[in-house]
Structures are given as C-alpha cells and as structure tokens.
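1. Here's a sequence, model it:
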Amino acid sequence: TDSTNLRLYGHLGEIIVNWECSVRQLRVHDQADGEQWGIDDQGFIAIDEWHEIVWEVRRDSMRVRVDGRPRFAGEGEYEGIQAPLAIGPCFGSAVTVRAFTVAEG
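-> Numbering: from 1, shown residues only. Coordinates of the predicted model:
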C-alpha cells in the first residue's frame, strides 16, 4: 500500500492492516458473524514495500500472519462458508498486488 488500508475481504469477514483510524491496530472482522476486534500493535506494515499476508481459515479457527509472523488467532464456526474473496484499498489508498492465491487444504 502507498499509505493506509490494505484490506482482505471474505463473506462477513475483513482483515485491515494500516487502518486509517489507527495504523498500528489490526482490524479483524469475523467471517461467520461479522464480530469485530481491534488488536493493538499488530496492524502496521511498511508502506511501499512488499509483504506476505496470510489469512488462514479452517473449520473452527482463523489466523492472520504477516511476513511469517503471527498477528491474530481466533476460534469460530467457519465450516460451509462459501463466498468470494477479495483484496483492495479503501479511502484513497493505492494497493499493488503481486499475487493473490486461494488454496484449499
């Protein structure tokens, strides 16, 4: 991202790094019910640099890793959720994506 708001979307879920209201807070919206969490000191990524962001969703849990480092882990009921997935900017930021991969495993 060139500034703020790199966002991953899936069903009711959303992951936000470099959130416009607090770039250091990771925003996590639960895929199953939309519940939201703010995790302090876990949301910052350097601007204009490449980062690997992994949003892993299993039947009963989800995790977020940035550049190999765990940033969030939680439990939930995700079995059977089928929805499009997306990545993008928000509020005027520009996001460049080198690769976007969805894997079932």
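
2. from here on, contacts and neighbour counts on C-alpha atoms
-> Will do.

3. Ends of stretch 13-33, what's the gap?
-> Taking Cα to Cα, to the nearest Å, the first and last residues of stretch 13-33 lie 8 Å apart.

4. And it, what's buried?
-> Neighbour counts over stretch 13-33 (16 or more other Cα atoms under 10 Å) mark 13-20, 22-32 as buried.

5. quick one, what contacts the residue lying farthest from the centre of the chain?
-> When distances to the mean C-alpha position of the chain are computed (Cα atoms, centre = their mean), the maximum falls on Gly80, with 19.9 Å. Listed by Cα atoms under 8 Å, 6 or more residues apart in numbering, the contact set of Gly80 reads Arg59.

6. where does the residue most central in space within the chain land in three-state SS?
-> The residue lying closest to the centre of the chain (Cα atoms, centre = their mean) is Ile15, at 2.7 Å. Here Ile15 takes the strand state, with states given by DSSP: H, G, I helix; E, B strand; the rest coil.

7. what's across from it in the sheet?
-> Leu8, Val28 (DSSP bridges).

8. surely it meets Leu26?
-> Yes: judged on Cα atoms under 8 Å, Ile15 makes contact with Leu26 at a distance of 7.4 Å.

9. In contact with the nearest residue to Gln42 once chain neighbours are set aside: list those residues for me.
-> Spatial nearest neighbour of Gln42, chain neighbours left out: Leu26 (5.2 Å); criterion: Cα to Cα, 6 or more residues apart in numbering. For Leu26, the contact set (Cα under 8 Å, 6+ apart) comprises 15-19, 38-44, 71.
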